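>>> build me a model:
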Amino acid sequence: MILQLIPEYRDYVWGGNHLRPGQRTAEAWVAFDGNRVAQGPWADKMLGEVVASLNPHHAAGFPLLIKLLDCADWLSVQVHPNDEQAIQLEGAGKRGKTEAWHVLDCAADAQLIAGIKPGVTPQALASDIQNSKVMDDVQYLSVHPGDTVFMPAGTIHALGPGMQVYEVQQASDITYRVYDWGRPATANRPLHIAQSLAVVNANQCGQIIPAKEDSAQEVRHLVSCAYFDLDMLALENTPLVGNAPLGSMHTFTVIEGEAELASGWERVALAKNQTVCFIADETSYRLTPRGKTRILRASVATS
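Presented below is the predicted three-dimensional model:
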């Protein structure tokens, strides 16, 4: 089953103008429970509703949230809970938030924050969070187009200006802001000092998978964790045929070029930045590139 998804857009104070030229936009939510299906028998239904109907292993809906981000300014310095902490702090049924970023493009001097400097003790970090000195402790990393960063829950982090990013994460939007670059706290953008202290892990840092020049035809594994797998599909002249376990789900987001995704009688054309969700049944799928094409595939197991 191929579900072509209609993105939803969000704007925040740090957004840029790349996602919708002429209109400032921070995020495109390209695969999450609330996306509407664009065509076919499930047209205008929400992805979460379709997943719950078709996949008994995911009765709670689509378990991921996939975004495209355009960062014109620093995002808040933040941290996310793990599953157990999310339930303790936010209530039953809440998910934690482990995530991964893939840098689509960035300025030559682009940086992000991914963890705490070596040698900072948990006690010192807690004191600095409480006294607005956490920026003395954070670890800055330079990034380049094609880099991938795995960010486990509990890691202090922030994306920096001049970056366009693909993000895959657990289906959770729980964000605890530790520091917001002097922006005034508002009802919509408060700081969450107590929650941050409860979930931060001083010994945890983001893991960078450096960019690599892909061959014309290659499937390259980027990230694997308990919640998702992320792969780069580099295609040029030859279609890719995939067989997914029954009930598993794949999302395909084109980041360069164009392609067609086919399964059984279904055919969907994909342009740059478009996303589809494939729910595996008894059929395989076939991705046919239109020239040089790069696709990010996020997959979820049956259970």
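>>> hmm, N243 is touching S284, no?
Yes. Here N243 lies in contact with S284, judged by Cβ atoms under 8 Å, at a distance of 4.7 Å. Backbone N, C-alpha and C define where each C-beta goes, glycine included.
>>> more neighbours: these two, which one.
Neighbours of N243 and S284, each counted by other Cβ atoms under 10 Å, are more numerous for S284; the result is 13 against 9.
>>> quick check, pLDDT for the more buried one.
Confidence per residue is given as pLDDT, and for S284 that number is 87.
>>> please apply the same query to the one 4 residues further on.
Model confidence at T288, expressed as pLDDT, equals 96.
>>> from A216, how far off is it?
For T288, the distance to A216 (Cβ to Cβ, to the nearest Å) stands at 14 Å.
>>> more neighbours, the two?
Set side by side, T288 and A216 show unequal neighbour counts under other Cβ under 10 Å, the larger going to T288 at 18 against 11.
>>> quick one: strands adjacent to the host helix or strand of the more buried one?
For T288, the host element (DSSP states H and E) is strand 285-289. Strand 285-289 has its sheet partners listed here by DSSP bridges as strand 240-242 (antiparallel), strand 259-263 (antiparallel).
>>> deepest of the ones you listed, which one?
The highest mean neighbour count among these, using mean count of other Cβ atoms under 10 Å, belongs to strand 259-263: a mean of 21.
>>> so which residues make contact with it?
Identification of contacts with strand 259-263 by Cβ atoms under 8 Å, 6 or more residues apart in numbering yields 1-2, 235, 252, 267-270, 276, 278, 283-290, 293, 295.
>>> where does E49 land in three-state SS?
Secondary structure state of E49, per DSSP: H, G, I helix; E, B strand; the rest coil, is helix.
>>> residue boundaries of the strands in the stretch 151-300 of the chain?
Counting by DSSP state E, counting those that start in this stretch, the stretch 151-300 of the chain has strands at residues 157-159, 163-170, 176-179, 207-209, 218-224, 229-235, 240-242, 249-256, 259-263, 266-270, 275-279, 285-289, 293-300.
>>> give me whichever of the ones you listed is most buried.
Among the strands of the stretch 151-300 of the chain, strand 157-159 has the highest mean neighbour count (mean count of other Cβ under 10 Å), at a mean of 25.
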